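Engineer: Sequence and predicted model, in that order:
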Amino acid sequence: MSLMTSRQFPAARLRRMRKDDFSRRLMRENVLTPADLIWPVFVLDGENRREAVPSMPGVERLSLDLLIEEAREAHALGIPALALFPVVDAELKSELAEEAYNASGLVQRSVRALKAAVPGLGIITDVALDPYTSHGQDGILDAEGYVHNDRTVETLLKQALSHAEAGADVVAPSDMMDGRIGAIRQVLEQEQLVNTRIMAYSAKYASNYYGPFRDAVGSAANLGRADKTTYQMDPSNGDEALHEVALDLAEGADMVMIKPGMPYLDVVRRVKEELRVPTFAYQVSGEYAMHMAAFDNGWLDADRVILESLLCFKRAGADGVLTYFAKRAARLLNNA
Ligand code: PBG
């Protein structure tokens with residue numbers, strides 16, 4: 001007599017639905033598609049220039065002519081939008097970041113050219129002063145070296161307006177100043193740019209995962225040993241993220257973002273559950289670098305891990321993910 005007969009049979013066998021591909025597919029709760037991806041890119045001045053970013057293997061800073069070709073490809077792959085970050089020449093950086101709102105600055109020119117070349121691709125611009133300040137902080141410093149909130153917001157307004165006037169579809173303030181979403185929304189309304197969307201980096205943490213990005217845009221050396229803890233959030237906090245998100249929504253944000261991504265998926269979940277608004281997350285440069293280090297050592301299967309890492313954002317509640325893997329992931333998804 002089998003031992004089994006003296007035991008109870010399991011009431012549920014969850015493995016039944018896992019047995020075959022058809023039933024696994026039927027019960028699948030979340031799917032990742034190219035439409036979930038936003039591709040962050042680094043743009044350089046000049047022509048036919050391509051520079052590797054050593055701490056982000058596979059990521060290149062590109063001059064606009066080359067970036068336009070990449071943008072065409074991204075659009076053809078089904079990626080809805082690109083997030084643009086400038087690499088600003090050292091001589092254009094200053095204490096007050098005036099270059100940030102130069103109507104013919106690198107970002108403003110890039111937006112115009114990208115919108116002309118690939119009109120169907122959404123263009124998201126970063127609103128923050130760090131690529132433009134000689135000290136590498138996201139704002140204007142007072143006499144004590146503290147980032148002055150309201151003076152910074154004044155400059156951010158000019159920057160956001162110059163991006164919107166150049167044709168940016170979405171402005172994305174990543175600076176974490178208080179009141180900037182409301183101020184930007186008011187200026188956009190005043191200037192009748194009523195359809196410019198705002199993606200607020202609402203819950204942006206003072207994270208150590210941004211290092212490779214600061215190498216990529218060339219702000220790391222300027223920042224030196226200073227940090228951003230007086231304006232970006234403490235990684236210890238969760239409730240504060242909900243407070244930030246609620247304020248940004250009340251001030252007129254259309255979409256909110258949590259950043260970094262993978263270590264902060266609990267925050268993504270809470271935001272989505274509490275606010276039920278378009279919620280995005282940023283798989284940041286350090287997350288990219290960690291993955292690439294493991295891939296390049298043969299420790300992880302690149303293609304599978306990329307897709308798993310991005311799918312997990314969807315499961316956590318994100319509507320989309322900013323990721324340096326966007327093109328590679330879109331290719332994998334389209335060929336699957
Ligand atoms: C600038 C900005 C940063 C990132 C996006 N916008 C860096 C920072 O706040 O220091 C980081 C993105 C990444 O690490 O991939 N305000």
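Structural biologist: Done, it's in.

Engineer: pretty sure residue 8 belongs to a helix, no?
Structural biologist: No. Under DSSP: H, G, I helix; E, B strand; the rest coil, residue 8 sits outside any helix and is assigned coil.

Engineer: That one: neighbour count?
Structural biologist: For residue 8, the neighbour count with other Cβ atoms under 10 Å is 6. (C-beta placed from N, C-alpha, C; glycine too.)

Engineer: got it, and residue 57?
Structural biologist: Residue 57: 15 neighbours (other Cβ under 10 Å).

Engineer: Need the nearest residue in space to it, chain neighbours excluded.
Structural biologist: Leaving aside its chain neighbours, residue 57 sits nearest to residue 292 (4.7 Å; criterion: Cβ to Cβ, 6 or more residues apart in numbering).

Engineer: confidence score at the one you found?
Structural biologist: On pLDDT, residue 292 comes in at 98.

Engineer: what about it, distance to the ligand?
Structural biologist: Here the distance between residue 292 and the ligand works out to 13 Å (Cβ to the nearest ligand atom, to the nearest Å).

Engineer: so who does that residue touch?
Structural biologist: The neighbours of residue 292, taking Cβ atoms under 8 Å, 6 or more residues apart in numbering as the test, are 56-58.

Engineer: again, 10 Å this time
Structural biologist: 55-59, 212, 300, 302, 324-325 (Cβ atoms under 10 Å, 6 or more residues apart in numbering).

Engineer: quick one: what helix or strand has it in it?
Structural biologist: Element membership of residue 292 [criterion: DSSP states H and E] is helix 285-296.

Engineer: Repeat that for residue 39.
Structural biologist: Per DSSP H and E: residue 39 is located in strand 37-44.

Engineer: hmm, the biggest helix by length in the chain touching the ligand?
Structural biologist: In the chain, assigned by DSSP state H, the helix with the most residues is helix 149-166. No. Helix 149-166 is not in contact with the ligand by Cβ under 6 Å from any ligand atom; minimum separation 10.9 Å.

Engineer: all strands of the stretch 201-336 of the chain, in order?
Structural biologist: In the stretch 201-336 of the chain, the strands defined using DSSP state E, counting those that start in this stretch lie at 255-259, 279-283, 320-323.

Engineer: quick one: the helix holding residue 292 to strand 279-283, angle?
Structural biologist: Inter-element angle recorded for helix 285-296 and strand 279-283: 50 degrees (by axes from the mean of the first three to the mean of the last three Cα atoms, to 10 degrees).

Engineer: quick one, helix 285-296 and strand 37-44 angle?
Structural biologist: The directions of helix 285-296 and strand 37-44 differ by 100 degrees, with the same axes, to 10 degrees as the criterion.

Engineer: Tell me the confidence at residue 224?
Structural biologist: On pLDDT, residue 224 comes in at 88.

Engineer: Helices of the stretch 1-150 of the chain, residue ranges please.
Structural biologist: With DSSP state H, counting those that start in this stretch, the ranges of helices along the stretch 1-150 of the chain come out as 15-18, 21-26, 64-76, 106-117, 149-166.

Engineer: hang on, the earlier thing: what packs against the helix or strand following the longest helix of the chain?
Structural biologist: The helix or strand immediately downstream of helix 149-166 is strand 170-173, counting by DSSP H and E. Applying 3 or more Cβ pairs under 10 Å, 6 or more residues apart in numbering; DSSP states H and E, one finds that strand 170-173 contacts strand 81-86, strand 122-127, helix 149-166, helix 180-190, strand 197-204, strand 255-259.

Engineer: Strand 170-173 pairs with which strands?
Structural biologist: Strand pairing for strand 170-173, determined by DSSP bridges: strand 122-127 (parallel), strand 197-204 (parallel).

Engineer: Just want the angle from the longest one to strand 255-259.
Structural biologist: It stands for strand 197-204. 30 degrees.

Engineer: Let me know the average pLDDT across strand 197-204.
Structural biologist: Strand 197-204 shows a mean pLDDT of 98.

Engineer: I'd like the strands of the stretch 201-336 of the chain laid out as TSV, including distance to the ligand, mean pLDDT and mean neighbour count.
Structural biologist: Converted to TSV, these look like this (distance: least, Cβ to the nearest ligand atom, whole Å; pLDDT from 0 to 100; neighbours: other Cβ atoms under 10 Å):
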stretch	distance to the ligand	mean pLDDT	mean neighbour count
strand 255-259	7	98	26
strand 279-283	6	98	27
strand 320-323	8	98	25
